[in-house]
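Engineer: sequence and predicted structure, then a few things I'm wondering about:
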Amino acid sequence: MDAAATLNAAPVLDAATARKKLARWYDRSHRDLPWRRTRDPYAIWISEIMLQQTRVAAVIPYYERFLARFPDAAALASAPEDEVLTLWSGLGYYSRARNLQKAAREIVALGAFPRDYDSIRALPGIGDYTAAAVSSIAFGLPHAVIDGNVKRVAARLMNSDAVAAREVAEELLDHRNPSRSNQALMELGATVCLPRDPQCPSCPIAPHCKAFRRNSQNEVPSKRAKPATIRLERTLVLIRDRRRILLAPGLRVRGFWDLPEPFPGARLGQRVGTFRHSILNRRYLFVVFEAKAARIPPSFRFVYEKGLHEIPLSTAAKKAIQCSNKQKVVS
Ligand code: SF4
């Protein structure tokens, strides 16, 4: 039995009723988020890229700063890459920021933000999910979004890991209002059908949910094994020259500046602290030493401490400088 037939075979609600229930619930309960107050495809696209792998609460201040500085594709296209990375600093997954700028340049060359799914999908850094989200939310086109939240809701509705999330999402897509319909399903996954302990008593489509009826909502979808944690230890050297700090091109994140690791000619002095920092599954323990250097490698540069916020500076470097300024362990 395919997903549509299975949905419609549910004894209490059919898919059409589930769509209506979801729409009413969304109108009543959705969070008021800055990117939901606009139909501007550029702003919606920026928010969707930022929200990949990143929590809503963390994205909001980044989104507001980014839009204030780059209000349209032309402003983003013409900005120095350093400035784009600086405004992205802390969000991680920096290829997203580089692709945003590449895509902004293509949009400028096109003369306007593309208005159909295939043209949006063809921009750098845009996959099926983002193309469906932007084309449905900004232009009202009937493309179902499939993100992690939607996959989880679909698996639970059908009580199966093997369910085709696309079939379920397309069946639940309201063609009269794809923007609201897509956002409702994602919002349900983000706020009610949570990965752990879904809030089924508050769920508008609970009567339609096979996992809920079988009390298996905490077992579906089955958990995937996480990649093994890799523990690493690194030494950073803090070399000051009056009010300037020596920085090196980042080893961990391309395009960012970092504190150097020990290099020929560096003489380590007092240990000023340690801190922990994680990048994906790598857990770093950083040990920071003050140091002096007789020779500075040509790719390094001194930057005034008060100007550090104007360049793309790695989070590890920020923590190391904070650690040194406080002269104590931070984590
Ligand atoms: Fe998710 Fe529970 Fe709603 Fe089913 S009833 S969709 S498990 S929140």
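Structural biologist: Noted; the coordinates are in hand.
Engineer: drop to CA atoms for contacts and neighbour counts, all remaining ones
Structural biologist: Fine.
Engineer: got the residues of the protein near the ligand?
Structural biologist: When proximity is defined by Cα under 6 Å from any ligand atom, the chain lies next to the ligand at 153, 156-157, 192-193, 198-200, 203, 205-206, 209, 211-212, 217.
Engineer: contacting residues for residue 284?
Structural biologist: For residue 284, the contact set (Cα atoms under 8 Å, 6 or more residues apart in numbering) comprises 231-234, 276-278.
Engineer: go again using 7 Å as the cut-off
Structural biologist: 231-233, 276-278 (Cα atoms under 7 Å, 6 or more residues apart in numbering).
Engineer: all the strands of the protein, residue numbers only.
Structural biologist: 230-238, 240-241, 244-249, 257-258, 266-279, 282-293, 301-304 (DSSP state E).
Engineer: pLDDT on the third one, on average?
Structural biologist: Per-residue confidence for strand 244-249 averages out to 96 on the pLDDT scale.
Engineer: what does that strand rub up against?
Structural biologist: Residues contacting strand 244-249 (Cα under 7 Å, 6+ apart): 239-240, 256-260, 299-305.
Engineer: picking that back up, highest mean neighbour count out of the strands of the chain?
Structural biologist: strand 257-258 (a mean of 24; mean count of other Cα atoms under 10 Å).
Engineer: ok, so of the contacts of strand 244-249, who is nearest residue 41?
Structural biologist: residue 256 (28.8 Å; Cα to Cα).
Engineer: next up, the contacts around that closest one.
Structural biologist: 249-250, 312-314.
Engineer: hmm, back to that, format the contacts of residue 284 as a markdown table; extra columns: pLDDT.
Structural biologist: Output for these, formatted as a markdown table (pLDDT from 0 to 100):
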| residue | pLDDT |
| --- | --- |
| 231 | 96 |
| 232 | 95 |
| 233 | 95 |
| 276 | 95 |
| 277 | 93 |
| 278 | 90 |
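Engineer: of those residues, which is the nearest to residue 102?
Structural biologist: For the contacts of residue 284, the nearest to residue 102 is residue 278 (27.9 Å; Cα to Cα).
Engineer: nearest spatial neighbour of that closest one, skipping sequence neighbours?
Structural biologist: Setting aside the residues directly before and after it, residue 278 is nearest to residue 284 in space (Cα to Cα, 6 or more residues apart in numbering), at 5.9 Å.
Engineer: any idea how far residue 297 is from residue 249?
Structural biologist: Per Cα to Cα, to the nearest Å, residue 297 is found 11 Å from residue 249.
Engineer: ok, now residue 177?
Structural biologist: Going from residue 177 to residue 249 by Cα to Cα gives 48 Å.
Engineer: quick one: residue 203 and residue 190 touch, right?
Structural biologist: No: Residue 203 is not in contact with residue 190 according to Cα atoms under 7 Å; the separation is 12.0 Å.
Engineer: quick check: neighbours shared by those two?
Structural biologist: Counting by Cα under 7 Å, 6+ apart, nothing touches both residue 203 and residue 190.
Engineer: closest residue of the stretch 201-331 of the chain to the ligand?
Structural biologist: residue 206 (3.6 Å; Cα to the nearest ligand atom).
Engineer: can you pull the pLDDT of that residue?
Structural biologist: pLDDT, residue 206: 95.
Engineer: same check on residue 294?
Structural biologist: At residue 294, pLDDT is 89.
Engineer: got phi/psi on it?
Structural biologist: phi -80, psi -40 (degrees, to the nearest 10).
Engineer: nearest residue to it in space, please, no chain neighbours.
Structural biologist: Using Cα to Cα, 6+ apart, the nearest residue to residue 294 is residue 265, at 5.5 Å.
Engineer: again, but for residue 295
Structural biologist: Sequence neighbours aside, residue 265 is the residue nearest to residue 295 in space, at 5.6 Å (criterion: Cα to Cα, 6+ apart).
Engineer: do you know how far the nearest residue to residue 136 once chain neighbours are set aside is from residue 185?
Structural biologist: Closest residue to residue 136 apart from its sequence neighbours, by Cα to Cα, 6+ apart: residue 179 at 4.9 Å. Taking Cα to Cα as the measure, residue 179 falls 10 Å from residue 185.
Engineer: and what of residue 72?
Structural biologist: 28 Å.
Engineer: more crowded one of these two?
Structural biologist: residue 185 (27 against 18; other Cα atoms under 10 Å).
Engineer: thought residue 150 was touching that one, still the case?
Structural biologist: Yes: using Cα under 7 Å, residue 185 is in contact with residue 150, at 6.3 Å.
Engineer: shared neighbours, the two?
Structural biologist: Between them, residue 185 and residue 150 share no contacting residue, judged by Cα under 7 Å, 6+ apart.
Engineer: show me where the stretch 101-250 of the chain has its helices.
Structural biologist: 117-121, 128-139, 148-158, 165-172, 178-191, 210-213 (DSSP state H, counting those that start in this stretch).
Engineer: and the fourth one, average pLDDT?
Structural biologist: Looking back up the chat, that one is helix 165-172. 94.
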